[in-house]
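*Asks:* Show me how the following folds:
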Amino acid sequence: MPHHRFKPLLMTLFLLGVISFQSVFASFSPPSSITLRVYRLESSGARWVNPVTGAYHLCSSNDTYYGCTAFCDDYSSPTCERSHRIGYPYSQNPITIPIESDYLLDVVPKEVSVAAFHLTAIQAQAIAARSYAYWHIRQGSAINNSTQFQVFVPYTFEALPSTTFPDNPSNPCASGNLNNNQRIVCNAVAPRYYIAYGAHPNDDLPAFTEYFADIRNRTVSGGQPYLIAVDDPISSHPDIVQDGHGHGMSQKGASRWARGNLSFNINRDLGAWSVRWERAEQILVHYYTGVHIRDAGNNNALLTPSYRWNPLQIRWGTSDNRPPAMSHGGTYPISVEVQNTGVSDWTCGYPNFSYELRYRWAKAGFGEVTGSGSASVCGTSKGDPSPTVNLTIQNIPNWGPGAYTIRFDIYVTSAYGNLWFRDYGWPTYNVSVCVDGPCKVYIPLVLKNYP
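*Replies:* Residues are numbered from 1 along each chain as shown. Here you go, the predicted model:
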């Protein structure tokens, strides 16, 4: 079959002390291939039902129905790409195909819009989709290509505009002729990260990472200890309606967090949010409670520390909820909604005596100074609820006028020493402010600097 990708069939801390980011051993062997049945689909992604027989249509060689191929001629389906007419590319059904170089390349752009979603949200989607596949493979599920699992339509990757057939069909992401949308998908899929559940460093089994399109304000519990309902205040626009079961990651919510905007769509502005996350890990540990991110390409190496947090929103007390221009000697009360995204509750007592939201002042060329304000977050459960605490920004260091950075973090006082969460590898949340301005540089709403 010239001009298109060949689809080969395969035969078959505060873990007290120093936190290790490498598993001691790997009990889970990540699969390299997946077996699934491929059906003709409705445009919604559900399996098409023959109105006469009541049966599903299992794709066969050269079928040009939607679901069997993205290059379909089914004019009842608005999702067909009709620039080419290429039928179902496999000689068998069910099929066994590579996860990384075939399955995920067609799943990710079906689950989220490459043209509309933020790049970080697309990476989070790739990690969730890989984890979901791993879980079902380990369970021995009879997987198919519909919304019953994850939507997989052959040639979705090739059909990304403008239609391009990779010049390295056996490893499309190594091709030299990919279009921009295809490169985005390849970059999202490239790290072989997956989500594992369990508080112990050796817990490396994949989690049942359900996800859905959208929900307003709060997700829904889903029957797993890591699928609990969590506040999602960035998804608060009145036009939002629930789309999907509500368990796990909100796909559009993920793009909102990555943008720091009430709109998930990178081409639309509904207003800035007071918080923005730049790492897929921050998105994933927000929606999946008590999980870890692991690297399947590196012996399931642990990529996340056990102690983590996310700010969900910051109320600055200004009319536009942006950080105010500050002056030496000024006092600036704020409130912060704090989520415990780690693997255990923040219980105060021996050996951890206190958990506090604090901040450090930083300025280029001057180092850092710990601020005097603090707010207790003792008793915060992992995942939910996320308390809102009051914090006073004050005692600005005498470093002269200009751009300063406020680095928010959780500070732990314990019998074993006092540490910031960033000491365990989790990023501070940094906000740039103008002090004794006018500042000579543009100060964005939010500025991150991850160690």
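
*Asks:* Assumed N418 was part of a strand.
*Replies:* Yes - under DSSP: H, G, I helix; E, B strand; the rest coil, N418 falls within a strand.

*Asks:* Can you name the element that comes right after the helix or strand harbouring R294?
*Replies:* Per DSSP states H and E: R294 is located in strand 291-295. Once the chain leaves strand 291-295, the next helix or strand it forms, by DSSP H and E, is strand 301-302.

*Asks:* what's the spacing between that next one and its chain's center?
*Replies:* With C-alpha atoms, centre = their mean, to the nearest Å as the basis, strand 301-302 stands 17 Å off its chain's centre.

*Asks:* Name every strand pairing with the helix or strand following it and say which way it goes.
*Replies:* Using DSSP H and E, the helix or strand that follows strand 301-302 in sequence is strand 309-315. As defined by DSSP bridges, the strand partners of strand 309-315 come to strand 332-340 (antiparallel).

*Asks:* which outside residues touch the helix or strand following the strand it pairs with?
*Replies:* Going down the chain from strand 332-340, the next helix or strand is strand 352-363, by DSSP H and E. By C-beta atoms under 8 Å, 6 or more residues apart in numbering, the residues outside strand 352-363 that reach it are 14, 336, 338, 346, 348, 368-371, 373-378, 380, 389, 391, 393, 396-397, 399, 402-415, 420, 428, 430. C-beta coordinates here come from the backbone N, C-alpha and C atoms, glycine included.

*Asks:* Alpha carbons only: can I get the next helix or strand after strand 352-363 in PDB?
*Replies:* Note on strand 352-363: by DSSP H and E, the next helix or strand toward the C-terminus is strand 367-370. Taking C-alpha atoms only, strand 367-370 is exported to PDB below (Å, rounded to 0.1, in the frame of the first residue of the first chain):
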ATOM      1  CA  GLY A 367      19.400  35.600  45.900                       C
ATOM      2  CA  GLU A 368      16.400  34.700  48.100                       C
ATOM      3  CA  VAL A 369      15.000  35.700  51.400                       C
ATOM      4  CA  THR A 370      12.200  33.900  53.300                       C
END
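
*Asks:* mean confidence for strand 367-370?
*Replies:* Averaged over strand 367-370, pLDDT sits at 96.

*Asks:* Tell me which other helices or strands that strand touches.
*Replies:* strand 352-363 (3 or more C-beta pairs under 8 Å, 6 or more residues apart in numbering; DSSP states H and E).

*Asks:* repeat that with 10 Å
*Replies:* Here strand 367-370 touches strand 352-363, strand 402-414, going by 3 or more C-beta pairs under 10 Å, 6 or more residues apart in numbering; DSSP states H and E.

*Asks:* any weak-confidence spans in the chain?
*Replies:* 1-26, 75-76, 199, 201, 440-451 (pLDDT under 70).

*Asks:* Which helix runs longest in it?
*Replies:* Across the chain, the longest stretch assigned as helix under DSSP state H is helix 119-139.

*Asks:* Check the gap between L391 and D409 for me.
*Replies:* From L391 over to D409 the distance is 12 Å, taken as C-beta to C-beta, to the nearest Å.

*Asks:* Now do the helices in the stretch 1-150 of the chain.
*Replies:* Remark: helices assigned in the stretch 1-150 of the chain by DSSP state H, counting those that start in this stretch are 104-111, 119-139.

*Asks:* Out of those, indicate the one that is most buried.
*Replies:* helix 104-111 (a mean of 25; mean count of other C-beta atoms under 10 Å).

*Asks:* can I get the helices of the stretch 1-150 of the chain in a markdown table with distance to W316?
*Replies:* Listed next are those as a markdown table, based on distance: least, C-beta to C-beta, whole Å:
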| stretch | distance to W316 |
| --- | --- |
| helix 104-111 | 35 |
| helix 119-139 | 24 |
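
*Asks:* For D269, which of those helices is the nearest?
*Replies:* Taking C-beta to C-beta, helix 119-139 is the member of the helices of the stretch 1-150 of the chain nearest to D269, at 16.3 Å.

*Asks:* circling back: tell me what angle the strand holding R294 forms with helix 119-139.
*Replies:* 90 degrees (axes from the mean of the first three to the mean of the last three C-alpha atoms, to 10 degrees).

*Asks:* does G246 really touch G222, like I thought?
*Replies:* Yes - contact criterion C-beta atoms under 10 Å: G246 and G222 qualify, at 7.7 Å.

*Asks:* Common neighbours of those two, please.
*Replies:* Residues touching both G246 and G222 (C-beta atoms under 10 Å, 6 or more residues apart in numbering): E210, F212, A229.

*Asks:* Name every strand pairing with the strand holding R294 and say which way it goes.
*Replies:* Going by DSSP bridges, the partners of strand 291-295 are strand 193-197 (antiparallel), strand 301-302 (antiparallel).

*Asks:* looking at those, which is buried most?
*Replies:* strand 193-197 (a mean of 27).

*Asks:* For the helix or strand just after that strand, give me every contacting residue.
*Replies:* Note on strand 193-197: by DSSP H and E, the next helix or strand toward the C-terminus is strand 211-212. Residues from elsewhere that reach strand 211-212 (C-beta under 10 Å, 6+ apart): 111-112, 124-125, 128-129, 131-132, 150, 219-220, 222, 242-254, 287-288.
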